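**Q** Mind folding the following:
(chains A and B)
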Amino acid sequence: MSEEALLTIEDLHIAVGSRPVIEGVSLTIRPGEMLGLVGESGCGKSVTALSIMRLLAEPPMRVVKGAIRFGQTDILSLPEHELEALRGDRIAMIFQEPMTSLNPVFTIGNQIAEVVLLHRKVGRDAAEARAVELLKRVGIPAPEAAMGRYPHQLSGGQRQRVMIAMALACDPKLLVADEPTTALDVTVQAQILELIDGLRRETGMAVLLITHDLGVVSQYCDRVAVMYGGRVVEEAPSAELFAHPRHRYTEALLRTIPASNLPGVDLPAIPGTVPPPGRRPAGCAFHPRCHAMVETCTTVLPELTEPPHRIRCWNPAA
Amino acid sequence: MSLLELRHLSKTYPGANGAVVQAVSDVSLTIAPGEVLGVVGESGCGKSTLGRSLLRLIEPTAGEVLFEGRDLVGLGKRDMKSVRRDLQIIFQDPFGSLNPRHTVGGIIGEPLEVHRVGTRAERRARVTELLKLVGLPEDAANRYPHEFSGGQRQRIAIARALALEPKLLVADEAVSALDVSIQSQIINLIADLQKRLNLSIMFISHDLSVIRHVSDRIAVMYLGRIVEIGPAEEIMTAPKHPYTQALLSAIPRPGAARGGRIVLEGELPDPANPPAGCAFHTRCPKVMDICHRQRPLLARPANVEPGSESEVACHLYEAA
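**A** Model (predicted):
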């Protein structure tokens, strides 16, 4: 690796009780990079994101083995008070539904200023001035007036902008964005993605963008990791992955979306459903749905190949 | 002749502080037998209200809903019940629309029972037939909704909607909650059933790429009104309204270049307080003076390519 990784996830295993959810995820994010983590529901992408912030509901969830390092810091063994300093300061996170992440009884100005006060040794006035500056930066019109508003007085898009402002409060090195635009309308989604992309270019922060939307990943991410059944099955630079998908799951996923097909013709559907955690088949978890399955797929888990284009597949596309 | 014709359909809701929220404003459109009309727009554009009001699940405030020439608005309860045999709807959330205490067989057979169709044995046979039609195993009849995945539950909802052999199906965001790999299975199923049963469908979705795939014609809605309507191919390849153009360019497509994206400023205006003139003028990149004052009417434009069949509500185009 040419540049030192900002975040390294190594052979991460997470279980809910005795059911494995994450079964060996390894990822790296370099400074300033936008990495897309894509997959369908139940693939483990959100659990992976939460584990970076040590936000897993433990119990019943627990890290079985593996390592998560932020720079040289081992996140998994960090004591709680040091973790607090890391969260929101070096690493920030935004979620799909900003309404549930904002406190309905406090003004947004109050909530942003609080983040600043929590992490920086500044007074109330300075924190509020910083909050105004942040609101302006994320494109909230009339930021001074907006400081006094409550979350319910804002639209979904504006609430997500406020969440981004809070996330930016301490100039994080890494922004974890879990489906940040899924609940938003298409035209607003475009605005928010442009905003996140612009901010990372401006500030040099890295972004881990978690989404189910291949189109979003394709247009904004430098690299993409595709998850299926609790594992990364393919990882490559965006342009390479979309031009030459090699894992049969990625290939099938790209083929099945309406945008890749002529109107009126049958979509090349992927048969079956995503297996839920605990009921994942042996070998490659995708094998029962795969059109290119070979015998080995049913019993032996393929290893992830070396970068830059990594795949976990016994019979990849050419 | 069209199967369904909406004439100047409107629906208003009382808003906060005596305001009136205009959810659907003066919508006129037709759906021919066997035709799929896609209705696309963002949240609050009125597409769901439109779909529901044509079944009178929501009572329209004004206008006519002509189904096979008969106005459904004002129809008595008994008459409406018999019309509903021909008009069915499927929703986005197959969790919320299936009774968890009923078996799948009971759920699918319920419309047959309500309308007293056939004997008990005949109804049971029909349920088996419907399960097969939507690609579910026969033994599904004795199981409960929670035993099925989201995609399978949507199949159950489709089987129930088709039980009475309706002529028109309203699909309201029917595939929006499904994962990509399941979504295409359900899209294929709906398209296949549409052809086999010669169904008319109003396919409502926020996703233009899904709409394009299934529709013969497309209606684009913004803040309660149709801003553009026409053949699917024309809407997708030669969109005329600046909003349609922005909507099309905003779809993130895998592998497509990012250049040329029209990123609209601002958000949807409050439907309780819509802008004067053209409702889109506050966000339109091509806004002109007249747009602030006068609302453009939906009409066939004059200054476009020959053979164009779309209608558009925009001052950039002079009516033919």
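**Q** hey, let's count contacts and neighbours off CA atoms from now on
**A** Noted.
**Q** Up against chain B, what does the stretch 101-250 of chain A have?
**A** Of all the residues in the stretch 101-250 of chain A, those in contact range of chain B (Cα under 8 Å from any Cα of the partner chain) are A:157, A:185-188, A:190-191, A:212, A:214-219, A:239, A:242-243.
**Q** Quick one: buried ones out of the residues you listed?
**A** A:157, A:185-188, A:190-191, A:212, A:214-219, A:239, A:242 (16 or more other Cα atoms under 10 Å in any protein chain shown).
**Q** Sitting in helices, which of the residues you listed do you find?
**A** Here DSSP state H is the test, and those give A:157, A:186-188, A:190-191, A:214-219, A:239, A:242 as lying in helices.
**Q** What is the nearest of those to B:Arg143?
**A** A:Leu214 (34.7 Å; Cα to Cα).
**Q** residues in contact with the closest one?
**A** A:Val38, A:Leu254, B:Arg253, B:Pro254 (Cα atoms under 8 Å, 6 or more residues apart in numbering or on different chains).
**Q** Could you confirm the last one falls within a helix?
**A** No: per DSSP: H, G, I helix; E, B strand; the rest coil, B:Pro254 lies outside any helix segment and is coil.
**Q** can you give me phi and psi for it?
**A** Backbone torsions of B:Pro254, given as degrees, to the nearest 10, read phi -60, psi 130.
**Q** Need the nearest residue in space to it, chain neighbours excluded.
**A** The shortest distance from B:Pro254 to any non-neighbouring residue, by Cα to Cα, 6 or more residues apart in numbering or on different chains, is to A:Gly215 (4.1 Å).
**Q** Could you do B:Ile58 as well?
**A** What sits nearest to B:Ile58 in space, not counting adjacent residues and going by Cα to Cα, 6+ apart, is B:Arg52, at 5.6 Å.
**Q** By neighbour count, which of the contacts of A:Leu214 wins?
**A** A:Val38 (26 neighbours; other Cα atoms under 10 Å in any protein chain shown).
**Q** Quick check: that one vs chain B, distance?
**A** Using Cα to the nearest Cα, to the nearest Å, A:Val38 is found at 11 Å from chain B.
**Q** so the residue nearest the centre of chain B is in which element?
**A** For chain B, B:Ile204 is the residue whose C-alpha lies nearest the centre (Cα atoms, centre = their mean; 2.5 Å). Per DSSP states H and E, B:Ile204 falls inside strand B:200-205.
**Q** Check A:Arg130 too.
**A** Taking DSSP H and E as the criterion, A:Arg130 maps to helix A:124-137.
**Q** before we move on, back to that, touching, the residue nearest to the centre of chain B and B:Val40? I think so.
**A** Yes: B:Ile204 lies in contact with B:Val40 (Cα atoms under 8 Å); the separation is 6.1 Å.
**Q** overlap in contacts of those two?
**A** B:Lys47, B:Ile211.
**Q** OK, contacts around A:Glu23?
**A** When contacts are counted by Cα under 8 Å, 6+ apart, A:Glu23 touches A:Asp11, A:Leu12, A:His13, A:Ile14, A:Gly230, A:Arg231.
**Q** Among those residues, which one sits closest to B:Leu57?
**A** Of all the contacts of A:Glu23, B:Leu57 sits closest to A:Gly230, with 42.2 Å by Cα to Cα.
**Q** Skipping adjacent residues, who's closest to the closest one in space?
**A** Counting by Cα to Cα, 6+ apart, the residue nearest A:Gly230 is A:Ile22, at 4.3 Å.
**Q** where do the helices sit along the stretch 51-200 of chain A?
**A** Remark: helices assigned in the stretch 51-200 of chain A by DSSP state H, counting those that start in this stretch are A:80-86, A:98-101, A:108-119, A:124-137, A:143-146, A:156-168, A:186-203.
**Q** which residues touch the fifth one?
**A** Just to be clear, that refers to helix A:143-146. Applying Cα under 8 Å, 6+ apart, the set of residues contacting helix A:143-146 from outside is A:Ile108, A:Gly109, A:Val132, A:Glu133, A:Leu135, A:Lys136, A:Ile140.
**Q** 7 Å instead?
**A** A:Val132, A:Leu135, A:Lys136 (Cα atoms under 7 Å, 6 or more residues apart in numbering or on different chains).
**Q** Kindly report the same for the fourth one.
**A** Outside helix A:124-137, the residues within contact range by Cα under 7 Å, 6+ apart are A:Gly109, A:Ile112, A:Ala113, A:Val116, A:Leu117, A:Pro143, A:Glu144, A:Val162, A:Ala165, A:Ala169.
**Q** Please report how far the nearest residue to the second one once chain neighbours are set aside lies from A:Phe95.
**A** Right, A:Ile112. If the residues on either side of it in the chain are set aside, A:Ile112 comes closest to A:Met166, at 5.2 Å by Cα to Cα, 6+ apart. Look at A:Met166 and A:Phe95: by Cα to Cα, to the nearest Å, they are 12 Å apart.
**Q** Could you do A:Gly39 as well?
**A** From A:Gly39 to A:Phe95 the distance is 16 Å (Cα to Cα).
**Q** Settle it for me: which of these two has more neighbours?
**A** A:Gly39 (29 against 20).
**Q** which phi and psi does the residue sitting furthest away from the middle of chain B have?
**A** Going by Cα atoms, centre = their mean, the residue of chain B most distant from its centre is B:Ala121, 34.9 Å out. Dihedral pair for B:Ala121: phi -70, psi -40, per degrees, to the nearest 10.
**Q** Contacts only, for A:Ala177.
**A** Contact analysis of A:Ala177 by Cα under 7 Å, 6+ apart lists A:Met93, A:Ile94, A:Phe95, A:Leu208, A:Leu209, A:Ile210.
**Q** sorry, back to before: contacts for the strand holding B:Ile204 next, please.
**A** B:32-40, B:47, B:167-173, B:211.
**Q** With stretch B:216-235 instead?
**A** Under the criterion Cα under 7 Å, 6+ apart, residues B:22-27, B:35-41, B:44-47, B:212, B:215, B:241, B:244, B:271, B:279, B:298, B:309-313 lie in contact with stretch B:216-235.
**Q** Near chain A, list only the ones from those residues.
**A** B:Arg212 (Cα under 7 Å from any Cα of the partner chain).
**Q** so which of the buried ones among the residues of the stretch 101-250 of chain A next to chain B comes closest to B:Asp139?
**A** A:His212 (32.4 Å).
**Q** Does that closest one touch A:Val38 like I think?
**A** Yes: if you go by Cα atoms under 7 Å, A:His212 and A:Val38 touch, sitting 5.3 Å apart.
**Q** Return the list of helices and strands in contact with the lowest-mean-pLDDT helix or strand in chain A.
**A** Every helix and strand in chain A was compared by mean pLDDT, DSSP states H and E; the lowest is helix A:98-101, with a mean of 78. Judged by 3 or more Cα pairs under 7 Å, 6 or more residues apart in numbering or on different chains; DSSP states H and E, helix A:98-101 is in contact with helix A:156-168.
**Q** ok, back up a step: how many residues are close by the residue nearest to A:Ile112?
**A** Using other Cα under 10 Å, A:Met166 is surrounded by 27 other residues.
**Q** Quick check: the gap between it and chain B.
**A** 21 Å.
**Q** rewinding a little: filter the contacts of A:Glu23 down to just the buried residues.
**A** Among those, those that count as buried by neighbour count (16+ other Cα under 10 Å) are A:Asp11, A:Leu12, A:His13, A:Ile14, A:Gly230, A:Arg231.
**Q** all strands of chain B, in order?
**A** B:4-14, B:20-31, B:36-40, B:62-67, B:70-71, B:87-90, B:168-172, B:200-205, B:217-222, B:225-231, B:311-312 (DSSP state E).
**Q** okay, those, which one's buried deepest?
**A** Ranked by mean neighbour count, the strands of chain B are led by strand B:36-40 with a mean of 28 (mean count of other Cα atoms under 10 Å in any protein chain shown).
**Q** Specify the helix with the largest residue count in chain B.
**A** Max-length helix for chain B by DSSP H is helix B:180-197.
**Q** In CSV, list the C-alpha atoms belonging to that one.
**A** What follows is the C-alpha trace of helix B:180-197 in CSV, where atoms were taken according to Å, rounded to 0.1, in the frame of the first residue of the first chain:
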residue,chain,number,x,y,z
VAL,B,180,-32.3,-4.8,-5.9
SER,B,181,-32.1,-8.6,-6.5
ILE,B,182,-35.7,-9.1,-5.4
GLN,B,183,-37.0,-5.9,-7.0
SER,B,184,-36.3,-7.3,-10.5
GLN,B,185,-38.1,-10.5,-9.7
ILE,B,186,-41.2,-8.6,-8.7
ILE,B,187,-41.0,-6.2,-11.7
ASN,B,188,-40.7,-9.2,-14.0
LEU,B,189,-43.7,-10.8,-12.3
ILE,B,190,-45.9,-7.7,-12.6
ALA,B,191,-44.9,-7.2,-16.3
ASP,B,192,-45.6,-10.9,-17.0
LEU,B,193,-49.0,-10.8,-15.3
GLN,B,194,-49.9,-7.6,-17.1
LYS,B,195,-49.3,-9.2,-20.5
ARG,B,196,-51.0,-12.5,-19.6
LEU,B,197,-54.1,-10.9,-18.1
